[in-house]
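Visitor: fold the following and give me the result.
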Amino acid sequence: MVDRWSSRARKSLKSHASAFALLLIFLVLSATACSSGGGSRITPILTPPAAPTGIMAAAGDAQVILSWAASSGAASYSIYRSSVSGDEGSTAYQIGNSGTSFTDASLINGVPYFYTIAAVNSTGSSAQSNEVSATPTAGLISNVSTDAARYAPGSTVTINVSLTNTIGTATDGEVTINVTQLGSLQTTLSGQAFSLANQATDTLSFTWTAPATDFQGYSIEVNATDASGAILDSANSAIDVSSTWTKYPRYGFVAAYTDQPADVSTAEIAQLNRFHINGIQFYDWQQKHHVPLAGSIAAPASSWIQINDQTNFRQTVIDYISAAHAYGMSAMNYNLIYGAWANYATDGSGVNPQWGLYQNSNGTDQVNINFTSLDWATPYIFIFDPGNANWQNYIYGQEANVFVAYPFDGWQADQLGNPGTVYTASGMLATPNLPAEYASFLTGARAELQKTIVFNAVSGYGLPQVLSSEDFAYVECWPSAQGGSQNTYNDLKAVVDSINSSNPGQGVVLAAYMDYDHAQSLGISGQTSRFNTPGILLANAAILAGGASHLELGDGVGGNPGLDMLDNEYFPNENLTPPSSLLNTLETYYDFDVEYENLLRGGLSNNSNAVSLSGIASGSSASPNTVWAFAKDNGSGLHMLNLINLIGETDIDWRDDSATYPVPSPQANVLVKYYYGGSVNGVFWASPDTNNGRMTSLPFTTGQDGGGGYVSFTLPLLDYWDMVYIATNLTSPIDAERALN
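Guide: As a prediction, this is how the structure comes out:
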């Protein structure tokens with residue numbers, strides 16, 4: 001939930017006055033007559049060329065080939081690209097193209113790309129052309145999935161490869177799978193033959209026994225080859241081998257519990273498994289916050305009214321939990337740690353006003369959240385003292401009833417942030433003690449319930465006190481406009497860094513609601529718009545590279561079934577929807593997070609070694625129009641660099657509030673110097689934006705200059721985010737990985 005204690009000032013969307021031409025003067029100079037026989041000259045008026053026409057886009061394997069008719073007077077052409085229709089923006093993706101064709105390579109198969117083109121000469125640029133689009137595809141592997149989001153060491157992993165032959169002719173061949181770890185081959189699974197008529201489909205299933213080593217991420221590299229061994233198509237997925245989900249949490253949610261068949265619930269959870277979500281927050285599943293279980297332990301109610309006056313159904317909750325467990329996901333029961341509905345004193349629950357928190361020292365005006373403007377089941381939620389032993393015993397008992405009646409795995413405990421100056425019923429000032437009381441409350445809940453405990457440290461309130469009392473850290477991030485202090489990409493990383501400093505090795509999840517002001521501007525009108533893909537990908541790059549995961553994906557937004565994303569702290573709210581192209585790209589990012597979890601979340605610490613990019617502005621802190629490049633190491637011979645492309649970005653606020661961030665300008669053949677003076681055994685590059693996230697060994701050199709000893713290498717491409725790991729003083733890449741554990 002948002003910090004509701006602070007003023008909820010909205011960041012106004014800035015309107016920019018359009019620049020209008022006041023006067024356009026055509027000056028025609030008459031030539032003076034020449035004494036030798038006269039005649040006159042007219043100075044030609046130069047104008048920008050017309051927009052190109054005849055634009056065509058043809059899809060290929062990981063590429064789109066553009067062509068167009070020449071524009072009269074054009075010296076070159078600028079190409080604009082987006083993953084969202086109509087969102088090519090005003091910053092060109094490619095400039096200076098002198099011909100009338102362009103091949104856009106290193107794209108992601110299955111993701112649509114949209115283009116416009118402008119003609120340019122010395123006078124200026126034409127308007128952008130009409131939009132064209134194409135979806136790169138090799139036409140064979142349509143999906144790669146696993147049967148669980150997480151596997152215990154030694155368990156059996158099932159990998160399903162779905163084939164759809166859209167090549168245009170009947171095709172025979174073989175599918176093979178390499179299981180790799182940090183680019184090092186672990187095993188090759190026995191190949192399986194396929195024979196597909198045009199447009200035919202098939203699914204091939206493979207099994208692999210997970211190794212005994214705990215907390216390891218693996219890459220599934222799938223290749224479809226023809227009879228000669230030539231690769232027809234390739235795809236990737238990932239495997240997390242972990243005995244518990246809380247070391248590398250990847251959190252999703254469910255937000256609606258309508259009366260629906262079990263197979264619908266299972267299909268929705270399967271969509272989350274596509275992203276390796278290993279824990280699900282059951283948001284507002286409960287009845288009253290102070291009486292979460294409807295009915296009794298012996299006879300739980302089949303349905304009940306929840307706070308937004310909608311009906312929740314027990315069987316749907318059970319079906320969701322069962323489906324989550326079948327996919328290796330944990331199911332987390334959501335509830336406030338200190339809330340009660342308006343009628344708590346008269347509903348027979350036994351809750352006592354003396355346990356409350358108050359605005360005044362004389363025990364009047366109990367702290368509350370006001371819902372009187374909404375047609376909800378309660379006009380208020382009243383707040384209680386989490387340090388009050390009577391309240392603790394009461395709410396622990398209520399949660400214990402929940403765990404008997406429902407097979408939840410833990411409690412997602414929520415708060416509302418810093419309440420300002422508040423008092424106990426006896427008049428004692430409570431505010432200074434609340435972070436310590438939160439920690440005590442959570443320790444007691446864990447001991448009493450024997451379940452996973454996770455606590456929402458809203459804007460960091462309660463940190464670092466609560467960290468040792470919960471199974472992983474969870475922070476709902478808010479900028480200063482909503483009373484928080486997480487404004488920029490740097491601030492997101494700083495949250496993770498502070499948690500790692502206080503409690504090294506603890507998993508971290510950031511709840512960060514994207515395009516927030518844009519969503520709010522649509523109000524309650526029921527209007528919907530789309531999330532802005534570049535802003536989403538940059539925020540995810542910052543969060544994943546920083547060592548956390550992003551709570552963003554779930555089911556039941558807007559009260560409707562189906563995969564969706566959060567644009568608001570109230571999870572059922574829906575003003576924005578994700579385009580399918582964004583979800584496809586995010587799937588690659590989530591694969592990447594699992595494949596390289598031992599690097600991204602394996603206990604590396606920031607170092608101060610310099611990273612220099614030849615001819616490109618960069619720095620260890622995020623800044624507009626630069627590459628954000630920061631380094632980490634594990635102290636045992638492994639170094640990791642993360643490079644996040646902010647070239648072309650004029651803002652580094654993570655929320656992309658107006659949903660207008662452009663696609664960063666791609667950087668090709670980036671020469672990198674990393675100032676580390678020791679020996680180097682290998683340099684390895686991977687990106688979720690390129691080659692299905694597969695890791696590649698790069699040639700490197702070492703040297704010395706005024707900055708000290710360095711290792712130098714060239715990155716082929718930087719779209720949004722590149723990751724590099726450097727093995728030093730070790731005999732192989734896998735030695736470097738083992739040094740993490």
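
Visitor: CA only for contacts and neighbour counts going forward, please
Guide: Noted.

Visitor: just for this structure, where's the confidence low?
Guide: 1-45, 59-61, 109-110, 137-138, 524-527, 730-741 (pLDDT under 70).

Visitor: nearest the geometric middle of it, what residue?
Guide: When C-alpha atoms, centre = their mean is applied to the chain, the residue found nearest the centroid is residue 540 (3.9 Å).

Visitor: remind me which helix or strand residue 193 belongs to.
Guide: Taking DSSP states H and E as the definition, residue 193 sits inside strand 184-196.

Visitor: next: residue 447.
Guide: Per DSSP H and E: helix 434-449 holds residue 447.

Visitor: what residues does that helix touch?
Guide: Applying C-alpha atoms under 8 Å, 6 or more residues apart in numbering, the external contacts of helix 434-449 come out as 386-387, 392, 396, 399-400, 452-453, 455, 461-463, 465-470.

Visitor: what do you get for stretch 362-380?
Guide: Contacts of stretch 362-380 (C-alpha under 8 Å, 6+ apart): 4, 305-309, 341-342, 356-359, 381-383, 422-427.

Visitor: the same query, at a cut-off of 6 Å, please.
Guide: In this structure, residues lying in contact with stretch 362-380 by C-alpha atoms under 6 Å, 6 or more residues apart in numbering are 307-309, 342, 357-359, 381-383, 425, 427.

Visitor: and which of the residues you listed is nearest residue 644?
Guide: Proximity of these to residue 644 (C-alpha to C-alpha) peaks at residue 308, which lies at 40.4 Å.

Visitor: distance of that closest one relative to residue 371?
Guide: 10 Å (C-alpha to C-alpha, to the nearest Å).

Visitor: tell me the helices and strands packed up against the strand holding residue 193.
Guide: In terms of contacts (3 or more C-alpha pairs under 6 Å, 6 or more residues apart in numbering; DSSP states H and E), strand 184-196 is packed against strand 171-181.

Visitor: residue ranges of the helices in the stretch 251-400 of the chain, please?
Guide: 262-273, 314-326, 389-405 (DSSP state H, counting those that start in this stretch).

Visitor: buried ones in the longest one, by neighbour count?
Guide: Burial within helix 389-405, assessed by neighbour count using 16 or more other C-alpha atoms under 10 Å, is assigned to 391-392, 394-396, 398-403, 405.

Visitor: reformat those as JSON lines; add distance to residue 581.
Guide: Below are the buried residues of helix 389-405 laid out as JSON lines (distance: C-alpha to C-alpha, whole Å):
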{"residue": "391", "distance to residue 581": "48"}
{"residue": "392", "distance to residue 581": "46"}
{"residue": "394", "distance to residue 581": "47"}
{"residue": "395", "distance to residue 581": "44"}
{"residue": "396", "distance to residue 581": "44"}
{"residue": "398", "distance to residue 581": "43"}
{"residue": "399", "distance to residue 581": "40"}
{"residue": "400", "distance to residue 581": "43"}
{"residue": "401", "distance to residue 581": "43"}
{"residue": "402", "distance to residue 581": "39"}
{"residue": "403", "distance to residue 581": "39"}
{"residue": "405", "distance to residue 581": "40"}
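
Visitor: out of those residues, which two sit at the greatest distance?
Guide: Top of the distance list for these (C-alpha to C-alpha): 391 and 405, 21.5 Å.

Visitor: near residue 72, how many other residues are there?
Guide: Per other C-alpha atoms under 10 Å, the neighbour tally for residue 72 reads 12.

Visitor: contacts only, for the residue lying closest to residue 606 once chain neighbours are set aside.
Guide: Spatial nearest neighbour of residue 606, chain neighbours left out: residue 632 (4.3 Å); criterion: C-alpha to C-alpha, 6 or more residues apart in numbering. For residue 632, the contact set (C-alpha under 6 Å, 6+ apart) comprises 604-607, 639-640.

Visitor: so residue 632, which of the three states?
Guide: strand (DSSP: H, G, I helix; E, B strand; the rest coil).

Visitor: roughly how far is stretch 709-720 from the heart of the chain?
Guide: Offset of stretch 709-720 from its chain centre (C-alpha atoms, centre = their mean, to the nearest Å): 24 Å.

Visitor: what do you get for stretch 691-698?
Guide: 21 Å.

Visitor: what's the answer for stretch 544-560, then?
Guide: 7 Å.

Visitor: which of the residues in it are buried?
Guide: 544-559.

Visitor: who touches it?
Guide: 250-256, 493, 508-511, 561-566, 572-574, 600-601.

Visitor: ok, 7 Å please
Guide: 250-256, 268, 272, 493, 496, 508-512, 540, 543, 561-566, 571-574, 593, 600-601, 642 (C-alpha atoms under 7 Å, 6 or more residues apart in numbering).

Visitor: equivalent analysis for stretch 592-606, please.
Guide: Stretch 592-606 is contacted by residues 182, 216-219, 238-240, 504-505, 544-545, 547-548, 631-634, 688, 693, 740 when judged by C-alpha under 7 Å, 6+ apart.

Visitor: and it, end to end?
Guide: Note: stretch 592-606 ends 21 Å apart using C-alpha to C-alpha.

Visitor: returning to that earlier point: buried subset of the contacts of residue 632 as a ChimeraX selection?
Guide: The ChimeraX selection below is limited to those of these classed as buried (16+ other C-alpha under 10 Å):
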select :604,605,606,639,640
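
Visitor: out of the contacts of residue 632, list just those in strands.
Guide: 605-606, 639-640 (DSSP state E).

Visitor: how about the residue nearest to the centre of the chain: what's its closest non-neighbour residue?
Guide: residue 550 (6.8 Å).

Visitor: so how far is residue 532 from the one you found?
Guide: For residue 550, the distance to residue 532 (C-alpha to C-alpha) stands at 16 Å.

Visitor: then residue 725?
Guide: 30 Å.

Visitor: who's more crowded, the two?
Guide: More neighbours surround residue 532 than the other of residue 725 and residue 532, with 27 against 24 (other C-alpha under 10 Å).

Visitor: OK, contacts around residue 607?
Guide: 631-633.

Visitor: tell me the one of the residues you listed nearest residue 286?
Guide: Among these, and counting by C-alpha to C-alpha, the member closest to residue 286 is residue 632, at 42.4 Å.

Visitor: neighbours of residue 388, just the number please.
Guide: 16.

Visitor: surely it and residue 353 touch.
Guide: No - in this structure, residue 388 is not within contact of residue 353 by C-alpha atoms under 7 Å, at 11.5 Å.

Visitor: against residue 145, how distant is the closest residue in space to residue 629 that isn't next to it in sequence?
Guide: Once flanking residues are discounted, residue 629 sits nearest to residue 643: 4.4 Å by C-alpha to C-alpha, 6+ apart. Distance, residue 643 to residue 145, using C-alpha to C-alpha: 29 Å.

Visitor: neighbour count winner among those two?
Guide: residue 643 (25 against 22).

Visitor: just how off-centre is the strand or helix carrying the more buried one within its chain?
Guide: Under the criterion of DSSP H and E, residue 643 resides in strand 638-645. Chain-centre distance of strand 638-645: 18 Å, with C-alpha atoms, centre = their mean.
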